[in-house]
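[1] What follows is a predicted protein model with its sequence.
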Amino acid sequence: MATTHDQRPTTRIGYGFDSHEFQPGIPLKIGGITLIHDKGLGGHSDGDVLLHAITDALLGAVAAPDIGALFPPSDPKWKGADSTVFLREALKRVHGAGYAVANIDASLILAAPKIGPHAAAIRVRTAQLLGVRADCVGLKAKTPEGLNLENAAVAHVVVLLEKRRNPKKLRKKTRKKTKRL
Ligand code: MG
């Protein structure tokens, strides 16, 4: 017999965008990895532009409130926050809705540093945070040709979610996984 649970869409798509300005004297965090660079990304949290875009893509996929609504910059609680906290909350909502991440695809747009040498580490870390295989995380880096964005980093992310038949079991598995991180 069909239940309300089974009437949910089999797949859902989410899209996230974020941008941050480079500022001297702070660490550069992208995709949960700290990169060596003379400037970092400013913001109320750790400025991890990629994790913020992924978080919004996850939240959007399950029609949840966005990152700014859940973690308002006006709240001093999130000052300097590790962006993995935001991503974990979004993932919890995805799993709570009975879905799992199938894959994500991301584009990063920034003039420097070069992402190529760090792409593998970023994909592995991001996959670990999402509980998917590294080959389910696409990452492209582009320079901002003609965009006059030399002092900013931009991230665009799409995520595909798949419906899980046994959401309770999945939530248990996720808790175990996130404990290990
Ligand atoms: Mg942001």
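    Now that the structure is in, tell me what you want to look at.

[2] Near Leu35, how many other residues are there?
    Using other Cβ atoms under 10 Å, the number of residues around Leu35 comes to 17. From N, CA and C alone the C-beta is placed, and that goes for glycine too.

[3] Please apply the same query to Lys140.
    12.

[4] Equivalent analysis for Gly42, please.
    14.

[5] quick one: contacts for it?
    20-23, 26 (Cβ atoms under 8 Å, 6 or more residues apart in numbering).

[6] 7 Å - rerun?
    20-21, 23, 26 (Cβ atoms under 7 Å, 6 or more residues apart in numbering).

[7] give me every residue that touches the nearest residue to Ala90 once chain neighbours are set aside.
    Residue nearest to Ala90 in three dimensions, not counting chain neighbours: Leu58, with 3.9 Å by Cβ to Cβ, 6 or more residues apart in numbering. Shown in contact with Leu58 (Cβ under 7 Å, 6+ apart): 14, 90-91, 94, 159.

[8] Farthest-apart pair in the residues you listed, please.
    Gly14 and Leu91 (11.7 Å; Cβ to Cβ).

[9] The residue nearest to Ser19 when sequence neighbours are not counted: which element?
    Excluding the flanking residues, the one nearest Ser19 by Cβ to Cβ, 6+ apart is Val154, at 4.5 Å. Assigning secondary structure by DSSP states H and E places Val154 in strand 152-163.

[10] Buried residues, that strand. List them.
    For strand 152-163, burial by neighbour count (16 or more other Cβ atoms under 10 Å) applies to 152-161, 163.

[11] For whichever helix or strand His52 is part of, output the C-alpha coordinates as PDB.
    Following DSSP H and E, the helix or strand that holds His52 is helix 49-61. This file holds the C-alpha atoms of helix 49-61, laid out as PDB (Å, rounded to 0.1, in the frame of the first residue of the first chain):
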ATOM      1  CA  VAL A  49      32.800  29.900   0.300                       C
ATOM      2  CA  LEU A  50      32.500  26.300  -1.100                       C
ATOM      3  CA  LEU A  51      31.000  24.800   2.100                       C
ATOM      4  CA  HIS A  52      28.500  27.600   2.200                       C
ATOM      5  CA  ALA A  53      27.400  27.000  -1.300                       C
ATOM      6  CA  ILE A  54      27.100  23.300  -0.700                       C
ATOM      7  CA  THR A  55      25.100  24.000   2.500                       C
ATOM      8  CA  ASP A  56      22.700  26.200   0.600                       C
ATOM      9  CA  ALA A  57      22.400  23.600  -2.200                       C
ATOM     10  CA  LEU A  58      21.500  20.900   0.300                       C
ATOM     11  CA  LEU A  59      19.000  23.100   2.100                       C
ATOM     12  CA  GLY A  60      17.400  24.200  -1.100                       C
ATOM     13  CA  ALA A  61      17.000  20.600  -2.300                       C
END
